[in-house]
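*Asks:* Next come a sequence and a model predicted from it.
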Amino acid sequence: MSEPVQVACPACLAANRVPAARIGEDPKCGKCGAALLDGAPAELGEEQFEQFIARTGLPVIADFWAPWCGPCRAMAPQFERAARELKDRVRLVKVNTEAAPGLAARYAIRAIPTLVLFRNGTEAKRTSGAMDAGALARWAG
């Protein structure tokens, strides 16, 4: 019997317990039926971010970005590729700093793109600057 992993639903924020051995089988939310690990970065705002981070047992990488940022736009396809490749090990999320200035201030985001890795709901490490999918996967550890 495998130990369950808690995964927050990006649609309704419900906490879902998924057996670790079945994490790669495209689990769905028990409350709303949305895909929990669809291989796409979840777009989170001020209201969802803290709950999502707290309710997810997998490591979470947050990309703090802005639509006007050239390096952010250049990195977006690589971030999406990394989300697909890491979908059963790390959850990737995007935070638009223009739409969520409170989060940017709370996490002291001074440059974008900034990537922050959360483990067990707390910040474990961060880096600024664009990365390709391979470098992002290595950085995630």
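*Replies:* Nice, thanks for sending it over. Numbers count the residues shown, from 1 in each chain.
*Asks:* Just the buried residues of the top helix by length along the chain, please?
*Replies:* Assignment by DSSP state H gives helix 70-85 as the longest helix of the chain. By neighbour count on 16 or more other C-beta atoms under 10 Å, the buried set for helix 70-85 is 72, 75-76, 78-83, 85. Where you see a C-beta, it was placed from the backbone N, CA and C, and this is true even at glycine.
*Asks:* In JSON lines, list those residues along with distance to Ala133 and pLDDT.
*Replies:* Formatted as JSON lines, these follow (distance: C-beta to C-beta, whole Å; pLDDT from 0 to 100):
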{"residue": "Cys72", "distance to Ala133": "15", "pLDDT": "97"}
{"residue": "Met75", "distance to Ala133": "9", "pLDDT": "97"}
{"residue": "Ala76", "distance to Ala133": "11", "pLDDT": "97"}
{"residue": "Gln78", "distance to Ala133": "5", "pLDDT": "97"}
{"residue": "Phe79", "distance to Ala133": "8", "pLDDT": "98"}
{"residue": "Glu80", "distance to Ala133": "8", "pLDDT": "97"}
{"residue": "Arg81", "distance to Ala133": "4", "pLDDT": "97"}
{"residue": "Ala82", "distance to Ala133": "4", "pLDDT": "97"}
{"residue": "Ala83", "distance to Ala133": "9", "pLDDT": "96"}
{"residue": "Glu85", "distance to Ala133": "6", "pLDDT": "95"}
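*Asks:* quick revisit: helices and strands around the longest helix of the chain, which ones?
*Replies:* If you count contacts as 3 or more C-beta pairs under 8 Å, 6 or more residues apart in numbering; DSSP states H and E, helix 70-85 packs onto strand 60-65, strand 91-96, helix 133-140.
*Asks:* repeat that for 7 Å
*Replies:* Identification of packing neighbours for helix 70-85 by 3 or more C-beta pairs under 7 Å, 6 or more residues apart in numbering; DSSP states H and E yields strand 91-96, helix 133-140.
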